[in-house]
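Chemist: missing the sequence, but the structure's below:
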């Protein structure tokens, strides 16, 4: 991770072997209202969602067929940080908003309508 006073950059692994970098912009105050029009969010770079190659290669064939191997709708993410928090702002297109998982411990990642953030110290 690279660090200066205004941003932090995070390398993430890619199936191509290239290490793309995502930068989180430092933000003193972040308005948490579900709206990314705040000035701080406008300063953060925007990154397109990606579906990793072979993301579901170990899943049963029936699941792989239902999920497919390409993203059907667009999404972007922006990152902010300060001394207390790490902020993730996401915009997603979804033409069919549904809630399929109704029970605890449901594997929501298999439903397709989901964003997950994994952090590794």
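Modeler: Looks like it arrived, so ask away. As the structure is a computational prediction, the values presented were derived from the model and not from experiment.
Chemist: Next one: the closest residue to residue 50 other than its chain neighbours from residue 100, what distance?
Modeler: Of all residues not flanking residue 50 in the chain, residue 71 sits nearest, at 7.5 Å (CB to CB, 6 or more residues apart in numbering). All C-beta spots, glycine's among them, are computed from the backbone N, C-alpha and C. For residue 71, the distance to residue 100 (CB to CB, to the nearest Å) stands at 18 Å.
Chemist: distance between the ends of stretch 34-48?
Modeler: 19 Å (CA to CA, to the nearest Å).
Chemist: Low-confidence ranges, this protein, go.
Modeler: 1-20, 52-55, 67-69, 101, 109-113 (pLDDT under 70).
Chemist: Just give me the longest helix of it.
Modeler: Ranked by residue count, the top helix of the chain under DSSP state H comes out as helix 61-67.
Chemist: can you map out the strands along this protein?
Modeler: Taking DSSP state E as the test, the strands found in the chain are 2-3, 7-11, 21-26, 47-48, 75-81, 86-92.
Chemist: Mean neighbour count, these: which tops it?
Modeler: Mean neighbour count (mean count of other CB atoms under 10 Å) peaks for strand 75-81 among these, with a mean of 19.
Chemist: Tell me the neighbouring strands of that one, and mark each as parallel or antiparallel.
Modeler: strand 21-26 (parallel), strand 47-48 (antiparallel), strand 86-92 (antiparallel) (DSSP bridges).
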